[in-house]
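**Q** Sequence first, predicted coordinates after that:
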Amino acid sequence: MAFALQVLMNALSLGSLYALAALGIGLLFGVLKLINFAHGDFITVGAYALIVPSAATQATLLLGDFHPLILIPCIVAVVVILALISEFLVFRPLRNASPATLMIGSFALGFIIQNILIMIYGGRPKAVGIWSDLSLGVELMEGVEVPKLQLIIIGVTLVLMVVLVLFLTKTKYGIHMRAAAEDFRMARMLGIEANRVIMLAVAISGMLAAAVSMLFVVQTGILDFRMGVSLMLFAFIATVIGGMGSLVGSVVGGFAVGAVSILLQTFLPSEMRVFRDVFVFAIVIFILLVRPQGLVMSRASRERV
Amino acid sequence: MEPKTPLGHQVREIWPLIILSIILFAVVAVIQSLDDRIISQSLTEGLIRLVVVIGLYIFVGNSGLISFGHIGFMMIGAYATAWQTMDPMTKDIFVPGLPAYLLANSHHWLVATIIGGLIAAIAAFISGLAMMRLSGIAASIGTFALFMSFYSLYLQWSTWTAGQSSLVGIPVTTTPWVAFWFCIVAMIGAFVYSRSKYGLALRASREDEVAAKAAGVNVTGERVISFTISAFFVGMAGGLYGHFLGLLTVDTFYLPMTFITLSMLVVGGMQSLSGAVVGTIVLSLVIELLRKAEKGFDMGETSISLPASSAEVGLGVILLLILIFRPSGFTRNAEIYWPFKPKVAVTEVTHRQS
């Protein structure tokens, strides 16, 4: 029982990270039909913003030294501004291009961001310890001890999701955004301002990326210019198996991928554990063979003729 | 001027192939005549990349789906070839996990390269059966996931691939002319495929998937065929690359390689063979220049140099500019056409369609 709870907490916290990243990707896909290959690099930039820009091997904290109440808004601001610049320079000029062109464009953007990071910070991974006391254990019940951070990750994810749902269902702009995701052209004809909705979606996606980068960097304590790419990959997989264009699907997919990873991590024999990711992909391919349209079917994912 | 003889018609049919071969031959001959070892090495690397880009074109150009996974097949081909040609003495040290037959025997590099391509094609066929059932964008993400899983598999599979260290002792057999002939073979393969009934069916599905299905095209099946053929050429390019470097690391086959080959195809024009060739030549030149600039120019007393990895940033910016201002690439997705235009357009056009 205690063991099962431990595994459950691991799965929930990893799934939360994937779900948050998948939501950021899914939101932009819904409104823009954009598969954002730069989302992982938004996450990386959020993490790198903690330290002083230099190529030194030893990381010196910059924003990371501030009080959390100042630090968190600063990181969010950095990522949101980056996302908005991307929207102006890349996504907006490509607005009327095909989804494939947009995808390559975001791939190029991600590649540029990665290499600019190498240029400024150097290519080597750096250790950065912020809030390391969060990894101390908390006793949930007899014999079950989980790091405080896991609870925070799950809590933050829940709060963000509730806020996002409230925003999307209760506010005027949220409803505009859902309408745009459903049928962009129709929404525009009914008087919804395209640019405002898209900028809002990009900004929210950036906020989600910032949240992921904070949680992830506190968990791993390492900065690497490729750190966002692997997270993004699992988030992509989450959106595909969840069903493209469905936000619920993204979340479901994120938790599913997290659960599968943790289960494999726990139950694979130790010499096979290094191949965990390969098994995850194999399972994903199997799911897609059975349900190519994803676990949650959305109306937007079916192309109209 | 319309060709009058049957031979003339045939020449006109395969005109893009002829002109591209001539351009490529001229490029190789001129650069080889400089007799500079370093330049000739960049040339070989560029030609191997061209084989990759042509292989990529076979799938991307005809199906209209973007693949982020082909460098995975390049890696499979590279390692499969190296297993066959490495010195048996070094195999015991670096890759002790290989089957007994491979540990004891070596193949000629040409045979090994073709077998390496076939193994990559088999991998593509099996994974393609799953991937190509997905709709357009999901399939692209699927190829990306496939690529990452091959990458992490090879990184961990140390008894076969030497894992995170490198595989050394591969004979260096790829000269510029060897790479040139592989380019020619790949171009012929790509040209013949895209004009075969399979290629045409796939092109129809690229233009309008629903209409092609309605006309009886098995879209999934056609995509799997082209995925397999393209992986064959990309896998052979991997074999050439191993025999060019003389050593292999898994990290060679990662996102930068994916990015460079994909941008070459897009910049040239995704949907034409001419685009693949032109894009590769142009971007290879740009990369060489930027790398030179990273090392620094001597300007009298001072030397000016760009910061490291600015070649990659420059490449990314060029790709974005092309996507925004000329999304169909340098060639506008057209082949290099017959230069002798008919004088009286109307009658000749009807004649050509018959």
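**A** Sure thing, it's come through.
**Q** May I have the residues that are in contact with residue A:121?
**A** Shown in contact with residue A:121 (C-beta atoms under 8 Å, 6 or more residues apart in numbering or on different chains): A:48, A:51, A:53, A:54, A:55, A:223, A:225. To be clear about C-beta, it is placed using only N, CA and C from the backbone, and glycine gets the same treatment.
**Q** what about residue A:283, neighbour count?
**A** Using other C-beta atoms under 10 Å in any protein chain shown, residue A:283 has 18 neighbouring residues.
**Q** Let me see the mean pLDDT of whichever strand or helix holds it.
**A** Secondary-structure element containing residue A:283, defined by DSSP states H and E: helix A:276-290. Mean pLDDT, helix A:276-290: 81.
**Q** Run through the neighbouring helices and strands of that helix.
**A** helix A:227-242, helix A:247-267, helix B:109-131, helix B:136-156 (3 or more C-beta pairs under 8 Å, 6 or more residues apart in numbering or on different chains; DSSP states H and E).
**Q** Minimum distance to residue B:307: which of those has it?
**A** Proximity to residue B:307, assessed across these by C-beta to C-beta, is greatest for helix A:227-242 (21.7 Å).
**Q** Just the buried positions in the closest one, please.
**A** Counting neighbours by 16 or more other C-beta atoms under 10 Å in any protein chain shown, one finds that the buried residues in helix A:227-242 are A:227-229, A:231-242.
**Q** Can you classify residue A:140 by secondary structure?
**A** strand (DSSP: H, G, I helix; E, B strand; the rest coil).
**Q** need the contact list for it.
**A** Residue A:140 makes contact with A:5, A:9, A:146 under the criterion C-beta under 8 Å, 6+ apart.
**Q** For PyMOL, what selects the buried ones among those?
**A** Command for PyMOL, covering only those of the contacts of residue A:140 found buried under the criterion 16+ other C-beta under 10 Å:
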select buried, chain A and resi 9+146
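**Q** Take the contacts of residue A:140 and keep only those in helices.
**A** Judged by DSSP state H, the contacts of residue A:140 include A:5, A:9 as members of helices.
**Q** for stretch B:236-249, the distance to its chain's centre please.
**A** 14 Å (C-alpha atoms, centre = their mean, to the nearest Å).
**Q** ditto for stretch A:21-35
**A** Relative to the centre of its chain, stretch A:21-35 is centred 10 Å away, using C-alpha atoms, centre = their mean.
**Q** now swap in stretch A:218-226 and tell me
**A** 15 Å.
**Q** low-scoring stretches of chain B, by residue?
**A** Along chain B, segments meeting pLDDT under 70 span B:1-3, B:298-303, B:341-354.
**Q** mind running it again at 50?
**A** Along chain B, segments meeting pLDDT under 50 span B:345-354.
**Q** Now the residue nearest to the spatial centre of chain B. Nearest residue, chain neighbours left out?
**A** In chain B, the centroid-proximal residue (C-alpha atoms, centre = their mean) is residue B:52; its distance is 1.5 Å. Nearest residue to residue B:52 in three dimensions, chain neighbours excluded: residue B:237, at 4.5 Å (C-beta to C-beta, 6 or more residues apart in numbering or on different chains).
**Q** near chain B, from the buried residues of helix A:227-242?
**A** Restricting the buried residues of helix A:227-242 to those near chain B by C-beta under 8 Å from any C-beta of the partner chain leaves A:229, A:233, A:236, A:237, A:239, A:240.
**Q** returning to what we had before: wait, the residue nearest to the centre of chain B touches residue B:70, no?
**A** Yes. Counting by C-beta atoms under 8 Å, residue B:70 is a contact partner of residue B:52 at 7.1 Å.
**Q** which residues are common contacts for the two?
**A** Residues touching both residue B:52 and residue B:70 (C-beta under 8 Å, 6+ apart): B:234, B:261.
**Q** coming back round to it: from the contacts of residue A:140, pick the one nearest chain B.
**A** Checking those against chain B with C-beta to the nearest C-beta, the nearest one is residue A:9 at 25.4 Å.
**Q** The closest one and residue A:162, how far apart?
**A** In this view, residue A:9 and residue A:162 are 20 Å apart by C-beta to C-beta, to the nearest Å.
**Q** How much space separates the residue of the stretch 151-300 of chain A found nearest chain B from residue B:7?
**A** Using C-beta to the nearest C-beta, the single residue of the stretch 151-300 of chain A nearest to chain B is residue A:281, 3.8 Å away. Residue A:281 is 52 Å from residue B:7, where distance means C-beta to C-beta.
**Q** do residue A:186 as well
**A** Taking C-beta to C-beta as the measure, residue A:186 and residue B:7 are separated by 57 Å.
**Q** likewise residue A:127?
**A** Separation of residue A:127 from residue B:7 (C-beta to C-beta): 70 Å.
**Q** Nearest residue to residue 118 in space, please, no chain neighbours.
**A** This is for chain A. Per C-beta to C-beta, 6+ apart, closest to residue A:118 is residue B:309, 4.8 Å.
**Q** nope, chain B
**A** Residue B:118's closest residue in space is residue B:232 (C-beta to C-beta, 6+ apart), at 6.6 Å.
**Q** buried set for the helix or strand bottoming out on mean pLDDT in chain A?
**A** Across the helices and strands of chain A, mean confidence by mean pLDDT, DSSP states H and E is lowest for strand A:137-141: a mean of 74. Of all the residues in strand A:137-141, not one is buried under the rule 16+ other C-beta under 10 Å.
**Q** Walk me through which strands it pairs with, and which way each runs.
**A** For strand A:137-141, the paired strands and their directions (DSSP bridges) read strand A:144-147 (antiparallel).
**Q** chain center to the helix or strand hosting residue A:11: distance?
**A** For residue A:11, the enclosing helix or strand under DSSP H and E is helix A:2-32. A distance of 8 Å separates the centroid of the chain from that of helix A:2-32, by C-alpha atoms, centre = their mean.
**Q** Counting by contacts, list what that helix packs against.
**A** Using 3+ C-beta pairs under 8 Å, 6+ apart, helix A:2-32 sits against helix A:39-48, strand A:137-141, strand A:144-147, helix A:148-170, helix A:172-182, helix A:194-220, helix A:227-242, helix A:247-267.
**Q** picking up where we left off before, may I see the ones next to chain B among the buried residues of helix A:227-242 arranged in a markdown table, with pLDDT as well?
**A** Output for those, formatted as a markdown table (pLDDT from 0 to 100):
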| residue | pLDDT |
| --- | --- |
| A:229 | 89 |
| A:233 | 88 |
| A:236 | 90 |
| A:237 | 88 |
| A:239 | 89 |
| A:240 | 85 |
